[in-house]
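Novice: task: produce atomic coordinates for the following.
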Amino acid sequence: MGNAAAKSIPAADTARLRRDLVALTTTPEPRNYLHEASLNQAADYIKAELAAAGARPTEQPYEVNGRTYRNILGHFGPEDGPRIVLGAHYDVCGEQPGADDNGSGVAALLELARLLGRQQQLPCRIDVVAYTLEEPPFFRTKQMGSYVHAQSLHQAGVPVRGMVALEMLGYYDDRKGSQAYPFGPLKLLFGSRGNYVTVAQKFGNGRFGRQFARRYKTAAALPVKRFKAPAWLPGIDFSDHLNYWQFDYPALLLTDTAFYRNKSYHEPTDTLARLDMRRLGLAVDAVLATVLSL
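Specialist: You can find the predicted model right below:
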């Protein structure tokens with residue numbers, strides 16, 4: 001992408017990111033599968049924000065154990081043709097606010113929707129999807145919202161260029177020793193400071209994954225580590241992208257590395273006060289630039 005085009009791309013608004021995070025983390029009860037009213041409050045907020053961004057929002061409701069849960073979808077660009085899917089789950093694990101996991105991913109998704117809505121032309125159709133039921137006890141089951149969505153695309157024969165899971169993008173730590181890894185020697189390669197975003201994918205993930213990782217690193221104004229590993233390596237499939245792999249769609253994970261860095265993972269201390277809005281905004285900016293260049 002030329003310099004003039006790059007300069008014309010609007011930047012993420014950190015005040016809007018913060019506002020979204022406040023809305024998501026202050027529901028009457030934590031937005032988990034047991035608290036349907038709070039989960040629905042979050043879903044309604046997401047749907048309204050997608051509509052305000054200029055998307056054509058729809059719902060994908062489905063039933064689990066007699067209860068109805070909802071994926072919230074919006075799309076931009078052409079109606080037909082191959083599409084890119086940007087997704088983030090809005091539910092939390094247990095009784096905690098889930099600011100980083102995964103309020104940060106949903107806030108990023110909503111800000112991307114607002115920025116996409118301001119584009120005069122898009123290279124292809126872009127679907128933004130907020131998933132329900134990513135967290136335990138539904139993780140790795142067909143009740144995950146992302147499984148329901150990926151399966152629906154496959155059954156409809158929809159061509160998907162690739163999928164990007166936005167999973168925990170708000171926590172950074174510049175101190176030495178703040179970053180852990182599933183395999184100790186990786187620290188020698190990637191460093192011990194938790195100050196970067198990771199583009200993680202499995203081997204054999206296709207052209208989309210290679211292009212996205214390369215262009216994201218070029219576009220980003222914060223450090224980016226590209227990580228490729230076998231699908232069995234712990235952490236490589238710990239989000240919604242794993243369900244797109246099941247239907248042979250290229251899919252990757254964009255993350256601050258979750259529990260390998262953020263010690264408040266799945267804890268009541270996963271609060272907005274611990275997040276870095278500036279770097280979350282920079283992570284969003286690079287997603288937008290990358291998607292527009294593909």
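Novice: before we move on, which element is Arg16 in?
Specialist: Secondary structure from DSSP states H and E places Arg16 in helix 14-25.
Novice: in that helix, what counts as buried?
Specialist: 14, 16-18, 20-21, 23-25 (16 or more other Cβ atoms under 10 Å). Where C-beta positions appear, they are placed from N, C-alpha and C, glycine not excepted.
Novice: on contacts alone, who are the packing partners of that helix?
Specialist: Helices and strands touching helix 14-25, by 3 or more Cβ pairs under 8 Å, 6 or more residues apart in numbering; DSSP states H and E, are helix 36-52, helix 105-116, helix 277-293.
Novice: switch the cut-off to 7 Å
Specialist: helix 105-116, helix 277-293 (3 or more Cβ pairs under 7 Å, 6 or more residues apart in numbering; DSSP states H and E).
Novice: what's the end-to-end length of stretch 233-242?
Specialist: End-to-end distance of stretch 233-242 (Cα to Cα, to the nearest Å): 13 Å.
Novice: with stretch 21-36 instead?
Specialist: End-to-end for stretch 21-36, by Cα to Cα: 19 Å.
Novice: now do it, average pLDDT.
Specialist: Stretch 21-36 comes out with an average pLDDT of 98.
Novice: same question, stretch 60-68
Specialist: For stretch 60-68, the per-residue pLDDT averages 97.
Novice: what does it rub up against?
Specialist: 36, 69-71, 73, 133, 143, 148-149, 152 (Cβ atoms under 7 Å, 6 or more residues apart in numbering).
Novice: give me the buried subset of these.
Specialist: Buried, going by 16+ other Cβ under 10 Å: 69-71, 73, 133, 143, 148-149, out of these.
Novice: and those, which is closest to Asn262?
Specialist: Asn262 has its nearest neighbour among the buried ones among the contacts of stretch 60-68 in Leu133, at 21.6 Å by Cβ to Cβ.
Novice: going along the chain from the longest strand along the chain, find the next helix or strand for me.
Specialist: Secondary structure assigned by DSSP state E gives strand 67-76 as the longest strand of the chain. Downstream of strand 67-76, the first helix or strand assigned by DSSP H and E is strand 83-89.
Novice: pull the distance from that next one to the chain's centre.
Specialist: 7 Å (Cα atoms, centre = their mean, to the nearest Å).
Novice: do stretch 148-162 as well
Specialist: 18 Å.
Novice: Trp46 and Tyr131, how far apart?
Specialist: You called it Trp, but residue 46 is Ile. 10 Å (Cβ to Cβ, to the nearest Å).
Novice: these two: which has the busier surroundings?
Specialist: Shown here are Ile46 and Tyr131; by other Cβ atoms under 10 Å, Tyr131 has more neighbours (31 against 28).
Novice: for that one, give me its contacts.
Specialist: Listed by Cβ under 7 Å, 6+ apart, the contact set of Tyr131 reads 71, 87, 89-90, 145-146, 149, 240.
Novice: do Gly77 as well
Specialist: Here Gly77 is in contact with 122, 124-126 (Cβ under 7 Å, 6+ apart).
Novice: spatially nearest residue to it, not counting backbone neighbours?
Specialist: Excluding the flanking residues, the one nearest Gly77 by Cβ to Cβ, 6 or more residues apart in numbering is Leu122, at 3.5 Å.
Novice: the one you found against Phe76, yeah?
Specialist: Yes: proximity of Leu122 to Phe76 meets the contact threshold set by Cβ atoms under 7 Å, at 5.9 Å.
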